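1. When you get a sec, could you give me coordinates for this:
(one chain, ligands or ions: 1)
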Amino acid sequence: MTILNSTRELQITDAAHHLHPFTNTRELNARGVRVITTGKGVYLHDSEGNKILDGMSGLWCVNVGHGRKDIVDAVAKQLEELTFYNTFFNTTHPPVVALSKLLSEVTPKQFNYFHFTGSGSESNDTIFRLARYYWQLMDKPEKTIFISRRGGYHGSTVASASLGGFGSMHEQGGLPIPGIFHAPPPSWWANGGDLTPDEFGLKVANQTLELIDSIGAHKIAAMIGEPIMGAGGVIIPPKTYWPAVAKGLKERDILFISDEVICGFGRTGEWFGCELMGTEPDFMTMAKGITSGYVPMGCVGVSDRIANVLLEKGGEFAHGYTYSGHPAACAAAIANLEIIRSEKLVDRVRDDIGPYLQSKWKALADHPMVGEAVMEGLIGAFQFTPDKNARSNFADEAKIGLTARDFSFENGLVMRAVGDRMVIAPPLTITHAEVDDLMEKTIKVIDLTYAHVR
Ligand code: PLP
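-> The predicted structure follows:
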């Protein structure tokens, strides 16, 4: 194997052979891709020796921070003991049993059954089939339609990308597949007008229920939503929104799927985002924080209400992935969950480091170019605006968000841009001193972007 050493060699070879996800690979030739080489705690290093604070926990996943030896050792030990065996056809293995039990302890009380996958996307595709199968078993096979939301992200496979509400994804490959309707998102800053957030939350909840009634609840299998929309720009819904939606779904006998791929495993200051929002889902989608990204894994939480029907009325569920419950992924998940429990990371996010970062982050809204700055637990965003009173937007061509993202990288901080909304979700292990570092860098990015537009 050729060993490529210099950054330039890596960049040229990468551009020649690597078709990246969510990247214009052609542009990479000119620009040069950033090469990340190592990670420890909340910091990354690139091939040029720069130290970068990972404000996005990788891709919203490295909840316990990079390079935790306990997880690395647990994976290595498991690979030596049993590298692989599947969980099909009446077989199991100790790590998948242990993980299933552990998950039943940390998830909301209605969850006692878990189906394992390789990713969040696969988990949502699994739920798509499971929810329809459930209604078939309930003698209501006409309940097939799914409700999701514009701006929601649920993955990149055919069903999960269709559930997602991104036009840019639907344009490529003829999505969405039939039977999916997208309700409006609860984005108060963008769409709330003169309403208070609470009034707006109720308005969007009612619009969602009106959409459902116009289709006919008897045809609808389930609604899916992220407690807090992540990839859509960290849209923290008004407090009134989820309880009103969840109540309407229950009244109409429609299943509720909480997509916890980002919000799960402590991100919001509760184990799961649905607990913060006060909803009681029938399914939960999990991935990312389940292993803190050390090894790929996804998981579907199946509530007792669904599981009992599947077990009593269903036969063999004709579905599964080779890597459903991969032993190494299970070992990583167990070690990761043990860290979250023993270091009390959920309490820490709720009571200590979360409020510490939130108070500083929310103060960013005092800047003349920042419209709103929001954060729940350790997931937040701020919005660039040319006029905060009018809540107006910069022209797309100005590419303010992408400019700020570049300033951020250059100044040693990973922030993500969703349009002109800057997004952050650092590891749950971030220290107070590291929060100070993150804030210093963020303020610098805002000042540089402000100077850039003036
Ligand atoms: N659901 C949500 C809320 C996500 O944010 C993501 C990924 O970002 C997914 C599902 C898809 O997960 P994966 O990329 O593991 O397929």
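
2. So F256: helix, strand or coil?
-> Here F256 is strand, with the state taken from DSSP: H, G, I helix; E, B strand; the rest coil.

3. Which residue comes closest to A161 once chain neighbours are left out?
-> Spatial nearest neighbour of A161, excluding adjacent residues (CB to CB, 6 or more residues apart in numbering): M169 at 5.0 Å. The C-beta positions use only the backbone N, C-alpha and C, and glycine is treated the same way.

4. What residues does that neighbour make contact with?
-> 156, 161, 175 (CB atoms under 8 Å, 6 or more residues apart in numbering).

5. Including pLDDT, distance to the ligand and neighbour count, could those go into JSON lines?
-> Output for the contacts of M169, formatted as JSON lines (pLDDT from 0 to 100; distance: CB to the nearest ligand atom, whole Å; neighbours: other CB atoms under 10 Å):
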{"residue": "S156", "pLDDT": "98", "distance to the ligand": "6", "neighbour count": "14"}
{"residue": "A161", "pLDDT": "98", "distance to the ligand": "9", "neighbour count": "22"}
{"residue": "L175", "pLDDT": "97", "distance to the ligand": "15", "neighbour count": "17"}
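
6. Quick check: chain neighbours aside, which residue is closest to G419?
-> By the measure of CB to CB, 6+ apart, the closest residue to G419 outside its immediate chain neighbours is G401, 5.5 Å from it.

7. Could you list the buried residues of the helix or strand encompassing that neighbour?
-> Assigned by DSSP states H and E, G401 belongs to helix 400-410. Residues of helix 400-410 classed as buried: 400-401, 403-405, 407-409 (neighbour count, 16 or more other CB atoms under 10 Å).

8. Stretch 140-153 too?
-> Across stretch 140-153, burial judged by 16+ other CB under 10 Å covers 143-149, 151-153.

9. could those be laid out in a markdown table, adding secondary structure and distance to the ligand?
-> A markdown table is the format used below for the buried residues of stretch 140-153 (DSSP: H, G, I helix; E, B strand; the rest coil; distance: CB to the nearest ligand atom, whole Å):
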| residue | secondary structure | distance to the ligand |
| --- | --- | --- |
| K143 | coil | 23 |
| T144 | coil | 21 |
| I145 | strand | 20 |
| F146 | strand | 14 |
| I147 | strand | 16 |
| S148 | strand | 11 |
| R149 | strand | 11 |
| G151 | coil | 11 |
| G152 | coil | 8 |
| Y153 | coil | 5 |
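
10. still on that earlier bit, where does the residue nearest to A161 land in three-state SS?
-> Going by three-state DSSP: M169 is helix.

11. Over to V300?
-> With three-state DSSP as the basis, V300 sits in strand.

12. For the stretch 201-350 of the chain, give me the ranges with low pLDDT.
-> Of all residues in the stretch 201-350 of the chain, none has pLDDT under 70.

13. Just after the host helix or strand of A76, pick out the following helix or strand.
-> Using DSSP H and E, A76 maps to helix 69-81. Of the helices and strands lying after helix 69-81 in sequence (DSSP H and E), the nearest is helix 94-106.

14. list the contacts for the closest residue to M277 other than its chain neighbours?
-> Leaving aside its sequence neighbours, M277 sits nearest to W242 (CB to CB, 6+ apart; 3.9 Å). W242 makes contact with 225, 227, 277-279 under the criterion CB under 8 Å, 6+ apart.

15. same question, F409
-> By CB under 8 Å, 6+ apart, the contact list for F409 reads 34, 52.

16. Quickly note the distance from it to L209.
-> Noted for F409: a distance of 42 Å to L209, by CB to CB, to the nearest Å.

17. what residues does stretch 202-216 touch?
-> Applying CB under 8 Å, 6+ apart, the external contacts of stretch 202-216 come out as 145, 147, 149, 181, 183-186, 195, 220, 223, 238, 240-241, 244-245, 248-249, 252, 254.

18. Counting only helices, which of those residues make the cut?
-> 241, 244-245, 248-249 (DSSP state H).

19. Neighbours of the residue in the stretch 251-400 of the chain positioned nearest to the ligand, how many?
-> Closest to the ligand within the stretch 251-400 of the chain is V261: 3.5 Å, counting by CB to the nearest ligand atom. Residues lying near V261 (other CB atoms under 10 Å) number 32.

20. Isn't it up against K288?
-> Yes: assessed by CB atoms under 8 Å, V261 is found in contact with K288 at 5.3 Å.

21. if I look at these two, which residues touch both of them?
-> Both V261 and K288 are in contact with 60, 120, where contact means CB under 8 Å, 6+ apart.

22. can you map out the strands along the stretch 351-454 of the chain?
-> With strands called from DSSP state E, counting those that start in this stretch, the stretch 351-454 of the chain shows them at 370-376, 379-384, 416-418, 421-424.

23. how about these in CSV, adding mean pLDDT?
-> Output for those, formatted as CSV (pLDDT from 0 to 100):
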stretch, mean pLDDT
strand 370-376, 97
strand 379-384, 98
strand 416-418, 97
strand 421-424, 98
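
24. Out of those, which is closest to A15?
-> Closest of the strands of the stretch 351-454 of the chain to A15 is strand 416-418, at 22.0 Å (criterion: CB to CB).

25. is that closest one up against the ligand anywhere?
-> No: applying CB under 6 Å from any ligand atom, one finds strand 416-418 separated from the ligand by no less than 10.9 Å.

26. Buried ones in that strand, by neighbour count?
-> 416-418.

27. and if you look at stretch 416-435?
-> Within stretch 416-435, the residues scored as buried using 16+ other CB under 10 Å are 416-430, 434-435.

28. same thing with stretch 354-363?
-> In terms of neighbour count (16+ other CB under 10 Å), stretch 354-363 has its buried residues at 354, 356-358, 360-361.

29. Same check on stretch 79-92?
-> Neighbour counts using 16+ other CB under 10 Å place 86-87 of stretch 79-92 among the buried residues.

30. Then stretch 439-452?
-> 439, 441-442, 444-446, 448-449.

31. Can you give the contact residues for that stretch?
-> Stretch 439-452 is contacted by residues 53, 357, 360-361, 364, 367-370, 382, 384, 400, 403-404, 407-408, 411-413, 415, 422, 424 when judged by CB under 8 Å, 6+ apart.
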